[in-house]
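Trainee: Test case, fold it:
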Amino acid sequence: MSRVRILVGTRKGAFVLTADGTRRHWDVSGPHFGGWEIYHLKGSPADPNRLYASQSSSWYDGTQRPFEFARVWHLEPSLTDPDTVYAGIQDAAMFRTTDGGQSWRELPGLRTHPSAAQWQPGAGGMCLHTILIDPSHPGRLYIAISAAGVFRSDDGGETWRPMNRGLVSEQIPNPTAEVGHCVHRIAMHPSRPNVLFMQKHWDVMRSDDAGESWKDVGGNLPTDFGFPIDVHAHEPETIYVVPIKSDSEHYLPDGKLRVYRSRTGGHEWEPLTKGLPQSHCYVNVLRDAMAVDSLEPCGVYFGTTGGQVYASADAGDSWTPIVRDLPSVVSVEVQSLP
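Mentor: You can find the predicted model right below:
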């Protein structure tokens, strides 16, 4: 029977949660790197035993750099080579290793892009927080920067093109500018990589043309502000978000923890509440803190700033807390193991 491993990054260490395919009983390991901020923890799709962690602390290491290097926000291992990993950092730049993390090289085409002078930091800093690898198009990568927008490379990260047509951001001088939009997260289904979904600083968006244009699919959501967005493992039109109240109030509307699911690729949304607290709950779910497994039925997982990790073994119909009272959760990733 297949097993599931959940990789949890928190403000004070990493935790590894493991279960068999029934996903009823979980073994909890950790904290690993206790006391360190583990902003992202992700396994290699090419080698289930290879894990990569973004580790940081408030200590100053004395290194002089030409730009701020506050933390690594996101690690994205290659789909085929366990030694190749992309890293997105703050201030928005992209690095790659091809030797399993022993050495890293910046891909300078991003930070030296002609539009870079127009990028602005979001509330969390000017961070490159999302990296997607197109499994059907060698060399095609997508990244998202807060607050600059989405960029696409078709040559392995050497050159980049903004992909923000259709985005409207009233808080910037030119609401429809080519860059400057605060994108919180983008997601794709590997079987249909030309279709992208986005959770933006206000707005849930969809692209059907590999990022060339976007349209609003927020529909009947109670609020279209939030951070995570993910796609069902077997249903490319089923997507999940966790709305929060506003950009100034980073907590749940009405104190109710509700995941919203659309089975139509947007516009029509249903609240998923079974097993989730529906009163006096004021946590947040951060951009990298939701993931899905590849089992049947699809499992959905998320962690909160209150230190809870919730699991659904039925695609969101019902939820169970796997573990409570961890440090604030910043990332959740899932591996399906043999």
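
Trainee: quick one: the helices in the stretch 101-250 of the chain?
Mentor: 108-111 (DSSP state H, counting those that start in this stretch).

Trainee: Could you report the neighbour count for residue 69?
Mentor: For residue 69, the count of nearby residues is 15 (other Cβ atoms under 10 Å). (C-beta placed from N, C-alpha, C; glycine too.)

Trainee: I'd assumed it was in a strand, is it?
Mentor: No - checked against DSSP: H, G, I helix; E, B strand; the rest coil, residue 69 lies outside a strand; its state is coil.

Trainee: What is the least confident helix or strand in this structure?
Mentor: Scoring the helices and strands of the chain by mean pLDDT, DSSP states H and E places strand 47-56 at the bottom, with a mean of 91.

Trainee: Strands along the stretch 101-250 of the chain, start to end?
Mentor: Counting by DSSP state E, counting those that start in this stretch, the stretch 101-250 of the chain has these strands, from start to end: 105-106, 127-133, 141-146, 149-153, 161-162, 183-188, 196-200, 204-207, 215-216, 226-231, 239-243.

Trainee: how about TSV for those, with mean neighbour count and distance to residue 328 added?
Mentor: Putting these into TSV (neighbours: other Cβ atoms under 10 Å; distance: least, Cβ to Cβ, whole Å) gives the following:
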stretch	mean neighbour count	distance to residue 328
strand 105-106	13	30
strand 127-133	24	16
strand 141-146	27	19
strand 149-153	24	27
strand 161-162	18	32
strand 183-188	24	17
strand 196-200	27	19
strand 204-207	24	24
strand 215-216	16	31
strand 226-231	23	13
strand 239-243	25	15
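
Trainee: any weak-confidence spans in the stretch 201-338 of the chain?
Mentor: The model of the stretch 201-338 of the chain has no residue with pLDDT under 70.

Trainee: if we can go back for a sec, looking at the strands of the stretch 101-250 of the chain, which is nearest to residue 83?
Mentor: strand 105-106 (13.2 Å; Cβ to Cβ).

Trainee: How far does that closest one sit from its chain's centre?
Mentor: 22 Å (Cα atoms, centre = their mean, to the nearest Å).

Trainee: partner strands of that strand, parallel or antiparallel?
Mentor: strand 93-97 (antiparallel) (DSSP bridges).

Trainee: Just the CA trace of the partner strand, in CSV.
Mentor: Written as CSV, here are the backbone C-alpha positions of strand 93-97 (Å, rounded to 0.1, in the frame of the first residue of the first chain):
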residue,chain,number,x,y,z
ALA,A,93,16.1,36.6,-7.5
MET,A,94,16.4,33.1,-8.7
PHE,A,95,19.3,30.6,-8.2
ARG,A,96,19.9,27.0,-9.4
THR,A,97,22.0,24.2,-8.2
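
Trainee: who touches that strand?
Mentor: Here strand 93-97 makes contact (Cβ atoms under 8 Å, 6 or more residues apart in numbering) with 67, 83-89, 103-107, 110-111, 128, 131, 143, 157.

Trainee: mind redoing it with 7 Å?
Mentor: Strand 93-97 is contacted from outside by 67, 84-89, 103-107, 110-111, 128, 143, 157, using Cβ atoms under 7 Å, 6 or more residues apart in numbering.

Trainee: Please compute how far it lies from its chain's middle.
Mentor: The answer for strand 93-97 is 17 Å, by Cα atoms, centre = their mean.

Trainee: Now do that strand against strand 141-146: the angle between them, please.
Mentor: 140 degrees (axes from the mean of the first three to the mean of the last three Cα atoms, to 10 degrees).

Trainee: Need phi/psi at the spatially most central residue of the chain.
Mentor: By Cα atoms, centre = their mean, the mean C-alpha position of the chain lies nearest to residue 288, the distance being 3.3 Å. Phi and psi for residue 288, reported as degrees, to the nearest 10, are phi -100, psi 10.

Trainee: need the contact list for it.
Mentor: The contact partners of residue 288, taken as Cβ under 7 Å, 6+ apart, are 40, 74, 330-331.

Trainee: gap between it and residue 274?
Mentor: Distance from residue 288 to residue 274, counting by Cβ to Cβ, to the nearest Å: 25 Å.

Trainee: quick one on the thing from earlier: export the contacts of residue 288 to TSV and tack on distance to residue 232 and secondary structure?
Mentor: Putting these into TSV (distance: Cβ to Cβ, whole Å; DSSP: H, G, I helix; E, B strand; the rest coil) gives the following:
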residue	distance to residue 232	secondary structure
40	22	strand
74	22	strand
330	23	strand
331	20	strand
